[in-house]
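# Pasting the sequence and the predicted coordinates here, then a few questions.
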Amino acid sequence: METKGAQPKSAQGVNRVQIIVASAAGNFAEWFDFGLYGVLATVLASHFFPKGDPTVALLSTYAIFALTYLTRPLGGLVAGWLGDTLGRRTALFVTVTLMSVATGAIGLLPTYASIGIFAPALLLLCRLVQGLGAGGEYGSAVTFLAEHSSPKQRATNVGYLVASTFLGVLVAVGAASLCTALMGDALFNAWGWRILFLLAVPLGLAGVYIRRQVAETPEFVEMASNRARSHEAATPIRTALRTQWSTMVLFVLVVSAYALITPTLSSFFITFLKGPGGLSAGDAYGITLLVDVLLIVAALAAGPLMSRFGMYRLLLGGSLFVAITAVPAFALAATGYWGAVLGGALLAVGKGMLAVPVALSISQMFPARVRITAGSLAYNICVVIFGASGPLLGVWLSEKAGTGLAFSLYLAVIAGIAAIATFVGRNRIKVQHEDAVEAASSGRGDMVKLS
């Protein structure tokens with residue numbers, strides 16, 4: 001049993017890499033699936049929906065993408081209850097298992113031509129199960145890593161975790177590009193796409209194995225010990241809703257720009273490049289790969305920047321950057337290959353600036369006893385409201401307005417709202433962040449001020 005105030009092993013430089021890898025494993029698997037669904041949207045539309053109007057089929061595919069998010073808040077609550085009651089590791093085991101099984105199952109589904117309406121129904125079922133796992137994965141992983149990190153290393157460590165999410169998308173796009181090049185469009189579109197989804201199974205097994213090799217966080221061990229001594233029952237869901245609702249509302253508004261720009265880059269941007277952008281599928285995939293590389297670099301750079309400038313400044317600066325550059329980025333992307341590269345780079349910088357402070361705010365804006373529950377629930381509510389509708393709304397606005405730039409204006413407005421919310425709530429964000437750092441330094445993990 002850890003003694004009160006003991007430093008996490010990773011804070012002492014022991015097993016730091018192992019803890020980062022264990023935290024990142026599930027996020028990599030989640031975003032591998034996320035990226036696959038985005039880059040293969042047109043392929044899935046042709047297999048799981050009736051032939052006819054390709055726009056309707058694509059809209060239906062993105063509708064399933066959006067409906068998946070409905071189970072994410074429930075997954076956040078389940079993982080939150082597990083993580084705040086039974087342990088952070090327990091939550092991590094459950095989330096990576098659900099995601100991997102559901103993603104792999106998509107690779108085995110029969111098509112619309114084989115079983116009719118049951119094909120999209122089964123696709124939706126797999127995505128709903130995947131959403132359950134994904135809903136609790138990010139908050140659990142961020143909390144696990146943050147609690148294993150010293151205050152000085154926390155932002156940098158979480159930067160590696162965030163980079164792993166972008167790496168998952170990068171590998172998904174790269175795998176799709178490689179398979180297309182090796183097999184040709186005809187074979188890949190016929191059955192080769194299934195191989196990519198089936199890869200989620202060994203990825204999940206690897207994630208479970210890696211996570212079994214690391215210990216529970218010292219902060220949770222201490223908290224559980226205190227509960228046992230005082231015979232206090234853990235009620236994370238009720239406590240989070242009763243004491244953290246105002247902070248959760250602030251969180252949703254502050255994170256809204258990041259929630260929207262995430263599916264914009266990983267999914268809709270590819271569709272935009274192949275449509276209004278007039279690029280081939282190969283060029284669109286290549287540009288997306290470059291954007292994902294830039295995201296990884298930005299996430300790794302954002303950790304040290306946040307350690308220096310703080311969570312508030314990066315949240316505000318990132319939101320303002322997205323608000324200012326969203327429309328110009330899409331306008332550039334519609335001008336041709338190099339315009340698309342520059343436009344994608346602008347979007348990548350904006351998302352990269354927001355990624356690390358958003359991830360850390362999941363844990364550092366909420367106290368330890370409800371950290372995963374409150375953080376995951378708030379994050380997933382935000383993702384449902386702003387992220388789930390992103391690709392679907394993008395296609396719909398493009399159809400109605402006759403230009404993909406209509407969606408970029410919507411992105412700019414949401415980013416402006418996020419910047420205003422960050423500025424208005426700056427005192428609470430700063431206080432919660434500083435209290436979390438102080439608490440971790442002194443071993444007072446469950447004594448962070450409630451508000």
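Received, thanks. Numbers count the residues shown, from 1 in each chain.
# Now Ser100: closest residue in space, sequence neighbours ignored.
On the basis of C-beta to C-beta, 6 or more residues apart in numbering, the spatially nearest residue to Ser100 that is not a chain neighbour turns out to be Gly204, at 2.3 Å. C-betas here are computed from N, CA, C, even on glycine.
# State the distance from that neighbour to Thr143.
Computed as C-beta to C-beta, to the nearest Å, the Gly204 to Thr143 distance reads 20 Å.
# So if I had to pick from the two, which one is more boxed in?
Neighbour tally, Gly204 and Thr143, criterion other C-beta atoms under 10 Å: the higher count belongs to Thr143, 29 against 23.
# isn't the more buried one right up against Gly83?
Yes - with contact defined as C-beta atoms under 8 Å, Thr143 counts as touching Gly83 (6.8 Å).
# hey, what's in contact with both of these two?
371-372 (C-beta atoms under 8 Å, 6 or more residues apart in numbering).
# List the residues that contact the residue nearest to Ser100.
Shown in contact with Gly204 (C-beta under 8 Å, 6+ apart): 29, 96-97, 99-101, 103-104.
# what's the closest of these to Tyr69?
Ranking the contacts of Gly204 by separation from Tyr69, with C-beta to C-beta as the measure, puts Met99 on top at 14.0 Å.
# Sketch out the low-pLDDT regions of this structure for me.
1-14, 402-404, 430-451 (pLDDT under 70).
# give me that answer again for 50
In the predicted model of the chain, residues 1-14, 433-451 satisfy pLDDT under 50.
# buried sites along the lengthiest helix in the chain?
Ranked by residue count under DSSP state H, the longest helix found in the chain is helix 151-187. Residues of helix 151-187 classed as buried under the neighbour-count rule (16 or more other C-beta atoms under 10 Å) are 153-177, 179-180, 183.
# Can you name every helix or strand that that helix contacts?
Counting contacts by 3 or more C-beta pairs under 8 Å, 6 or more residues apart in numbering; DSSP states H and E, helix 151-187 is packed against helix 16-39, helix 118-147, helix 193-198, helix 281-309, helix 337-364, helix 426-442.
# right, and the helix or strand after the fourth one?
This means helix 281-309. Per DSSP states H and E, helix 281-309 leads on to helix 311-333 as the next helix or strand towards the C-terminus.
# Kindly export that following helix (C-alpha atoms) in PDB.
Output for helix 311-333, consisting of C-alpha atoms alone and laid out as PDB, is shown next (Å, rounded to 0.1, in the frame of the first residue of the first chain):
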ATOM      1  CA  MET A 311      -3.700  25.700 -19.500                       C
ATOM      2  CA  TYR A 312      -5.800  28.900 -19.800                       C
ATOM      3  CA  ARG A 313      -3.500  30.700 -22.300                       C
ATOM      4  CA  LEU A 314      -3.300  27.800 -24.600                       C
ATOM      5  CA  LEU A 315      -7.100  27.200 -24.500                       C
ATOM      6  CA  LEU A 316      -7.700  30.800 -25.300                       C
ATOM      7  CA  GLY A 317      -5.000  31.200 -27.900                       C
ATOM      8  CA  GLY A 318      -6.000  27.900 -29.700                       C
ATOM      9  CA  SER A 319      -9.700  28.900 -29.900                       C
ATOM     10  CA  LEU A 320      -8.900  32.300 -31.200                       C
ATOM     11  CA  PHE A 321      -6.600  30.800 -33.800                       C
ATOM     12  CA  VAL A 322      -9.200  28.400 -35.100                       C
ATOM     13  CA  ALA A 323     -11.900  31.200 -35.200                       C
ATOM     14  CA  ILE A 324      -9.600  33.400 -37.300                       C
ATOM     15  CA  THR A 325      -8.200  30.800 -39.700                       C
ATOM     16  CA  ALA A 326     -11.100  28.300 -40.300                       C
ATOM     17  CA  VAL A 327     -12.600  30.100 -43.300                       C
ATOM     18  CA  PRO A 328      -9.200  31.000 -44.900                       C
ATOM     19  CA  ALA A 329      -8.100  27.400 -44.400                       C
ATOM     20  CA  PHE A 330     -11.000  25.900 -46.300                       C
ATOM     21  CA  ALA A 331     -10.800  28.600 -49.000                       C
ATOM     22  CA  LEU A 332      -7.200  27.700 -49.600                       C
ATOM     23  CA  ALA A 333      -8.000  24.000 -49.600                       C
END
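# just checking, what packs against that helix?
Helix 311-333 makes packing contacts with helix 245-263, helix 269-274, helix 281-309, helix 337-364, helix 405-424, helix 426-442 when contacts are defined by 3+ C-beta pairs under 8 Å, 6+ apart.
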